[in-house]
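[1] this one's structure only:
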């Protein structure tokens, strides 16, 4: 089955810096890659997703890139703010298979 | 819309006890699922359902049962709780369309002593 690895497990940055979180997946048939943000004590919420027919997608300060050949995808957050502090999860799934497999999460801390 | 509603929010069980975690959604979503969240291990899929009357196993199904008698409800049953089942449990739902986003409930924190 699919396996998703996520790095780093913890990331500390200064406000205004950029943050990059990386994930790799094992199943070359995976073609949907969402990212979820989970604030302390809250539920995970979708922040951005990308499909395998697209190499990059942006939404304001957030961008996701996908390298299908290398089987890895990354989340980029620019101009970080303290409210970006949270745990971020990447995930992967195969169209037609209803299993979304998550990475182990990255705790991002943005210091003022 | 209330979205995905989970009850209870907190629960403490003794080893060997049974209980049911409730999950209901009012978005007419075909797909529903249960995840458990443990420190350092992310979210792991327990069971899922693609529609009423249909259920299937995820990554970590042992010790858990599910059923889907209606579109709205997807309860998770622990038949004989074990300390290893101490975790935060999330129910999530989505439309049946491929690659549609998951909507999570607020979670149930379960402690088994």
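    Thanks, I have the structure now. Values in this document were obtained by computation on a predicted structure and should not be read as measured data.
[2] residues touching the residue nearest to residue A:32 when sequence neighbours are not counted, list them.
    In space, and not counting its chain neighbours, residue A:32 is closest to residue B:99: 4.0 Å by Cβ to Cβ, 6 or more residues apart in numbering or on different chains. All C-beta atoms are positioned from the backbone trio N, CA, C, and that covers glycine. If you count contacts by Cβ atoms under 8 Å, 6 or more residues apart in numbering or on different chains, residue B:99 has them with A:31-32, A:49, A:51, A:93, A:95.
[3] what lies in contact with the strand or helix carrying residue A:63?
    According to DSSP states H and E, residue A:63 maps onto strand A:62-67. For strand A:62-67, contacts defined as Cβ under 8 Å, 6+ apart pick out A:33, A:35, A:47-50, A:52, A:54-57, A:72-78.
[4] so residue B:67 sits against residue B:55, correct?
    Yes. Counting by Cβ atoms under 8 Å, residue B:67 does reach residue B:55; the two are 6.7 Å apart.
[5] could I get the phi/psi values of residue A:82?
    Here is the backbone geometry of residue A:82 (degrees, to the nearest 10): phi -50, psi -30.
[6] ok, which residues in chain A are in contact with chain B?
    Proximity of chain A to chain B (Cβ under 8 Å from any Cβ of the partner chain) is limited to residues A:1, A:6, A:9, A:31-32, A:34, A:36, A:42-46, A:49, A:51, A:89, A:93, A:95-96, A:98-105.
[7] please redo it, this time with the cut-off set to 6 Å
    A:32, A:43-44, A:46, A:95, A:98-99, A:102-105 (Cβ under 6 Å from any Cβ of the partner chain).
[8] which among those residues gets closest to residue B:20?
    Nearest to residue B:20 among these, counting by Cβ to Cβ, is residue A:43 at 20.1 Å.
[9] next, name the residue at the spatial heart of chain B.
    Centroid-nearest residue in chain B: residue B:34, 2.9 Å away (criterion: Cα atoms, centre = their mean).
[10] wasn't that residue part of a helix?
    No. Under DSSP: H, G, I helix; E, B strand; the rest coil, residue B:34 falls outside any helix and is assigned strand.
[11] if I pick it, what's in contact with it?
    Residues counted as contacts of residue B:34 (Cβ atoms under 6 Å, 6 or more residues apart in numbering or on different chains) are B:46-47, B:76, B:91.
[12] repeat that for 7 Å
    By Cβ atoms under 7 Å, 6 or more residues apart in numbering or on different chains, the contact set of residue B:34 is B:46-47, B:66, B:76, B:89, B:91.
[13] now do the contacts for residue A:68.
    Residue A:68 makes contact with residue A:52 under the criterion Cβ under 7 Å, 6+ apart.
[14] and if you look at residue A:104?
    A:6, A:9, B:40-42.
[15] in JSON lines, list those residues along with pLDDT.
    Listed next are these as JSON lines, based on pLDDT from 0 to 100:
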{"residue": "A:6", "pLDDT": "97"}
{"residue": "A:9", "pLDDT": "96"}
{"residue": "B:40", "pLDDT": "81"}
{"residue": "B:41", "pLDDT": "83"}
{"residue": "B:42", "pLDDT": "89"}
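[16] adding distance to residue B:17, secondary structure and neighbour count, write those out as TSV.
    What follows is these, written out as TSV (distance: Cβ to Cβ, whole Å; DSSP: H, G, I helix; E, B strand; the rest coil; neighbours: other Cβ atoms under 10 Å in any protein chain shown):
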residue	distance to residue B:17	secondary structure	neighbour count
A:6	34	strand	20
A:9	34	coil	13
B:40	27	coil	7
B:41	24	coil	13
B:42	27	strand	20
